[in-house]
Each structure stands twice: as structure tokens, then as C-alpha cells.
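In: quick one, what's the 3D model for this:
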Amino acid sequence: MKAFPDSATPFQQGMDLRDYFAAKAMQGFIAYMGCEAGATDRLGGPNNEVIARNAYSYADAMLQAREE
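Out: Purely as a prediction, here's the structure:
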């Protein structure tokens, strides 16, 4: 499923809904660092891989909830 599809322009198909949900989740993680265990690296900075993985995990859960 696509978010923001543009039917007038066949080349602009929109982003995947999963990517949109993940971006929104990641935005929240970055706005409030420390909300997820393990979201920082050994120097206390953001661990981008963990944040990205968690964002997609939340996106998958949101897509699953839509189907219920």
C-alpha cells in the first residue's frame, strides 16, 4: 500500500505505507532519545541501526493493527 499516491503522475507512486509509518516512529525516537533500551551507543550517542530497526518494528505493528 502506498502513502500519498499521485494518480495524475504515473512516475510518482508515493512512498510505501510501511516506510511512512517507520519515518513517523523514528521521528518520535529521535525527538525523545532514550525511550528505547539500547538506543544509544557506548559513547551515549544515538545508535542509528537500533533506532531504524525499532522504527520498522513499530511500523510492522501498525500495519498489523490495521488488518485486525
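In: drop to CA atoms for contacts and neighbour counts, all remaining ones
Out: Will do.
In: so what's residue 18 closest to, chain neighbours aside?
Out: residue 59 (5.6 Å; CA to CA, 6 or more residues apart in numbering).
In: touching, that neighbour and residue 21? I think so.
Out: Yes: counting by CA atoms under 8 Å, residue 21 is a contact partner of residue 59 at 4.9 Å.
In: just to revisit the earlier point, need the contact list for the residue nearest to residue 18.
Out: The neighbours of residue 59, taking CA atoms under 8 Å, 6 or more residues apart in numbering as the test, are 18, 19, 21, 22, 25.
In: now, the residues you listed that are in helices?
Out: 18, 19, 21, 22, 25 (DSSP state H).
In: out of the residues you listed, who has the most neighbours?
Out: residue 22 (23 neighbours; other CA atoms under 10 Å).
In: and the helices in this protein, which stretches?
Out: Using DSSP H, helices in the chain cover 17-31, 48-67.
In: among the ones in helices among the contacts of residue 59, which one lies nearest to residue 31?
Out: Nearest to residue 31 among those is residue 25, at 9.9 Å by CA to CA.
In: not counting sequence-adjacent ones, nearest residue to that closest one?
Out: Nearest to residue 25 is residue 55, by CA to CA, 6+ apart, at 5.2 Å.
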